[in-house]
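Participant: one predicted model, sequence on top.
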Amino acid sequence: MSIMHSDVVGRKYWSDDGTLLVHVQQSVYKLKPDCLDQLSSRFASFPRTPDSQHGLPSVIIPTELEITSDDFETLLDYVYHGIPLDSQTSFAQAVTVLKTSSTTKLDFPSINALARQRLLDIFPKQLDDLVQYPDAPDEALSLAVQYDLHPIQKALYYRVATHLHLEDDDAPDENDTPPSETTIARLSPDLLKKCKDLLDDLIGHFTPILFTVATAGHMVCTDVFAEAWMPLVIQPALENNGLCKPIETLQTIIDLDWKVQGLCEECVKDKREEWKGEQQVVWNKMDGWLGLGNGTQ
């Protein structure tokens, strides 16, 4: 084999003392193969044929692996330069490395483990961490399921089910953003159904909680709730799609200045603890609704 005129030399990875040519799509790289062979038995197993132009062995990355030259160069950054997969690594970079180094592609287990850990660090795993969401949770959910990133699946299911307006498929409100074609395309039919089913479970659980006026330990404070619950809790929740986001809506209720409304300090403390408990109940029940094995029914 020889380099064709249509091939683009990968100047970023064209080593003068390289001993192996690697073809990825229309790009060709001249590399030192020892590190690659040590890190990936699959890469080491690829057939090597002589290149008549350079007198070097040559490897072609199979097209069915669907690896682009950009993907390959990103992987090489971590192989040859020791760039850490840490807090400076973006979601997109970590995803590229995760996919390219996976067992279904080039199989670099040590690098794949680092990419997995980076993605686990990016996304929330516990109830208290739910504010930490990069963009594209739908894409992240698909990846988390495909690559068995179990610790972040639950929070991503919640985010996709409650924030992408899946309930608006048939008759979207003019003030809401229905799920885009991109969002739908990123989710398999099974995942999309699972997210919609989760949303139904969340709404079914939270509806009676939201529409039942809270009571307190003192009658005077209970009277405050009777006056304030509709304008301060129910109406804002209906206006802001809060019924579909029980954890966030409960947090909004917790954060209200109930002392200003007339509640005593003792009742404010008791009710906030109760509402935090309701958040935990929702979080726990999701295990059962999603079939994650640790459901609290």
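Facilitator: Looks like it arrived, so ask away.
Participant: hang on, D270 packs against T215?
Facilitator: No: if you go by C-beta atoms under 8 Å, D270 and T215 don't touch, sitting 10.7 Å apart. Any C-beta I mention is one placed from the backbone N, CA and C, and that applies to glycine too.
Participant: roughly how far apart are the most centrally placed residue in the chain and L191?
Facilitator: Most central in the chain under C-alpha atoms, centre = their mean is A140, positioned 2.9 Å from the mean C-alpha point. Note on A140: its distance to L191, by C-beta to C-beta, to the nearest Å, is 12 Å.
Participant: what's the nearest residue to F206 if we skip its chain neighbours?
Facilitator: Closest residue in space to F206, ignoring its immediate chain neighbours: P246 at 3.9 Å, by C-beta to C-beta, 6 or more residues apart in numbering.
Participant: follow-up on the earlier one: hang on, the residue nearest to the centre of the chain in a helix?
Facilitator: Yes: applying DSSP: H, G, I helix; E, B strand; the rest coil, one finds A140 inside a helix.
Participant: show the contacting residues for it.
Facilitator: Listed by C-beta atoms under 8 Å, 6 or more residues apart in numbering, the contact set of A140 reads F91, L119, I122, F123, P134, I152, L156.
Participant: change it to 7 Å
Facilitator: Residues near A140 by C-beta atoms under 7 Å, 6 or more residues apart in numbering: F123, L156.
Participant: helices of the stretch 1-150 of the chain, start to end?
Facilitator: Counting by DSSP state H, counting those that start in this stretch, the stretch 1-150 of the chain has helices at residues 33-39, 41-45, 69-80, 91-100, 109-122, 137-146, 150-163.
Participant: next, format those as CSV and append mean pLDDT.
Facilitator: Below are these laid out as CSV (pLDDT from 0 to 100):
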stretch, mean pLDDT
helix 33-39, 95
helix 41-45, 96
helix 69-80, 94
helix 91-100, 95
helix 109-122, 95
helix 137-146, 93
helix 150-163, 94
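Participant: okay if I get those as TSV plus distance to M230?
Facilitator: Below are the helices of the stretch 1-150 of the chain laid out as TSV (distance: least, C-beta to C-beta, whole Å):
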stretch	distance to M230
helix 33-39	62
helix 41-45	63
helix 69-80	54
helix 91-100	41
helix 109-122	39
helix 137-146	32
helix 150-163	23
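Participant: G277: which of those is closest?
Facilitator: Nearest to G277, of all these, is helix 150-163, at 17.7 Å by C-beta to C-beta.
Participant: who's in contact with the closest one?
Facilitator: Contacts of helix 150-163 (C-beta under 7 Å, 6+ apart): 120, 123-125, 130, 133, 137-138, 140-141, 144-145, 195, 198-199, 202, 244-245, 286, 290, 292.
Participant: mind listing what's buried in it?
Facilitator: I152, Q153, K154, A155, L156, Y157, Y158, R159, V160, A161, T162, H163 (16 or more other C-beta atoms under 10 Å).
Participant: quick check, distance from that helix to the centre of its chain.
Facilitator: Mean-position distance between helix 150-163 and its chain equals 7 Å (C-alpha atoms, centre = their mean, to the nearest Å).
Participant: same thing with stretch 20-37?
Facilitator: Worked out by C-alpha atoms, centre = their mean, stretch 20-37 lies 32 Å from the chain centre.
Participant: start to end distance for it?
Facilitator: Terminal residues of stretch 20-37 lie 11 Å apart, using C-alpha to C-alpha, to the nearest Å.
Participant: buried residues in it, which are they?
Facilitator: Neighbour-count burial for stretch 20-37 flags 20-25, 27-31, 33, 36 (criterion: 16+ other C-beta under 10 Å).
Participant: how about stretch 92-107?
Facilitator: Buried positions in stretch 92-107, judged by neighbour count with 16+ other C-beta under 10 Å: 93-102, 105-107.
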